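Participant: Here is a sequence with its predicted model. Questions after.
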Amino acid sequence: MLSYDWIALFITLLGTMFLIGELLVNMKGFFGLIGFGFITVYFSSYLSTDMFIVMMLVYFLGIILMIIDGKLVNDGTLAMIGGATTILAVGLSAPNWVAGLYSVIGVILGAAASLLFLKVFKRRKMWTKITLVDQLTSEMGYNSMKESYQALIGREGKAVTDMRPVGTIEVDGEEFSAVSNGQWISNGEQITVSSVDGTKILVKKL
């Protein structure tokens, strides 16, 4: 049994920080061993042998779900479930609600603190799929603005429906969905294309 309830905060903080840190950066198992040691101390301080094994399995089930998410799923869902599982494991293992609260806070702070390792060490490749690292620039072959829409800027046409403010315009015999710049434009009125925002055509009345 730990002497003071608040000690649980630091043990779960350090344990979680190093275990998740091992998942985020490649430390060849060193961080994992440190984290495993702290978590073992936490569970062994509060639980009997049988419950110690059960809660350790539940805790590491959460870690495994995070690993599966990073390697296979890549949408963050399993990682969130895994995080909730680890929090549940440490919270239920505490002998009273105060120690449980300290433990849960420690897990949350430890998970947040583990992100600091990304600023110092090389991150594991399995997490690069979750976030889009490359910028979607036109130089890379991406363009959110349709080329045909870009060519409409400055062109004149007419509204073929009432625009309040969304409606349909016609430019050079071709119809487009467009938005007026806060103006109420009636069917048949002349317009000019003022700008294009992505696939949205902005027009104003002549």
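Facilitator: Great, that's in hand. None of these values were measured; they are calculated from a predicted model.
Participant: can we go C-alpha only for contacts and neighbour counts from here?
Facilitator: Fine.
Participant: how close does the spatially most central residue of the chain sit to residue 22?
Facilitator: Using C-alpha atoms, centre = their mean, the residue of the chain that lies closest to the mean C-alpha position is residue 76, 6.7 Å off. Residue 76 sits 17 Å away from residue 22, going by C-alpha to C-alpha, to the nearest Å.
Participant: Can you pull out the low-pLDDT segments for the chain?
Facilitator: Scanning the chain for pLDDT under 70 picks out 1, 74-75, 125-148.
Participant: how about the strands in the protein?
Facilitator: Taking DSSP state E to define them, one finds strands in the chain at 156-159, 166-171, 174-180, 190-197, 200-205.
Participant: residues contacting the nearest residue to residue 166 once chain neighbours are set aside?
Facilitator: The spatially closest residue to residue 166, leaving aside those adjacent along the chain, is residue 179, at 4.5 Å (C-alpha to C-alpha, 6 or more residues apart in numbering). Neighbouring residues of residue 179 by C-alpha atoms under 8 Å, 6 or more residues apart in numbering: 163, 165, 166, 167, 200, 201, 202, 203.
Participant: Now do the buried residues in stretch 167-175.
Facilitator: Buried residues in stretch 167-175, counted by 16 or more other C-alpha atoms under 10 Å: 167, 168, 169, 170, 171.
Participant: Mind putting those into JSON lines with distance to residue 29?
Facilitator: Formatted as JSON lines, the buried residues of stretch 167-175 follow (distance: C-alpha to C-alpha, whole Å):
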{"residue": "167", "distance to residue 29": "60"}
{"residue": "168", "distance to residue 29": "61"}
{"residue": "169", "distance to residue 29": "62"}
{"residue": "170", "distance to residue 29": "64"}
{"residue": "171", "distance to residue 29": "64"}
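Participant: Domains in the chain, by residue range?
Facilitator: Following automatic domain parsing, the chain resolves into domains at 7-127, 147-205.
Participant: first to last residue in stretch 166-181, what's the distance?
Facilitator: End-to-end distance of stretch 166-181 (C-alpha to C-alpha): 10 Å.
Participant: now that stretch, how far from the centre of its chain.
Facilitator: Centre-to-centre, stretch 166-181 and its host chain are 37 Å apart (C-alpha atoms, centre = their mean, to the nearest Å).
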